[in-house]
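Colleague: Sequence first, predicted coordinates after that:
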Amino acid sequence: MQGGAPRWSIPIDTNKDQRVDGYAFLDAAGCGASVGTNKAKVVTVVSTDNPNCKVVFGDSQYDNWAKFAAENTNYRVAKKNIPFIIVDGAAGEFHVYDLQFG
């Protein structure tokens, strides 16, 4: 299972060695955005703070970041890696702004 596009890719350390063991994905569609052209220009907040954003990690999907964290208490964001946004499967124009990491 993988996240859609565009998506926020967050490096996850599952065994406390500070290395990436996988990526948690949050994507616009998983946060309630319409798929396809957004003619109405409705803003979608893709955030770990948004309780409506589904999280994909490995073969699992979680209702939101809080549930992902609660079910994986030993997992951490891999400190030596930077989360990133990627668009690799969707054609179109995307506007990304107001980024916060940390």
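Modeller: Received it, and whenever you're ready, just let me know what you need. Residues are numbered from 1 along each chain as shown.
Colleague: name the element the spatially most central residue of the chain belongs to?
Modeller: In the chain, the C-alpha nearest the mean C-alpha coordinate belongs to residue 26, at 2.0 Å (C-alpha atoms, centre = their mean). Residue 26 is part of strand 22-27 when elements are defined by DSSP states H and E.
Colleague: who touches that strand?
Modeller: 2-12, 14, 46-48, 53-58, 65, 68 (C-beta atoms under 8 Å, 6 or more residues apart in numbering). For glycine as for every other residue, the C-beta is placed from the backbone atoms N, C-alpha and C.
Colleague: Return the residues in contact with residue 54.
Modeller: Here residue 54 is in contact with 26, 30, 31, 61, 62, 63, 64 (C-beta under 8 Å, 6+ apart).
Colleague: Pull up the pairing partners for the strand holding residue 26, direction included.
Modeller: Paired neighbours of strand 22-27 in the sheet (DSSP bridges): strand 7-13 (antiparallel), strand 55-57 (antiparallel).
Colleague: With mean neighbour count, distance to residue 83 and mean pLDDT added, can I get those in TSV?
Modeller: Converted to TSV, those look like this (neighbours: other C-beta atoms under 10 Å; distance: least, C-beta to C-beta, whole Å; pLDDT from 0 to 100):
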stretch	mean neighbour count	distance to residue 83	mean pLDDT
strand 7-13	22	5	92
strand 55-57	22	13	96
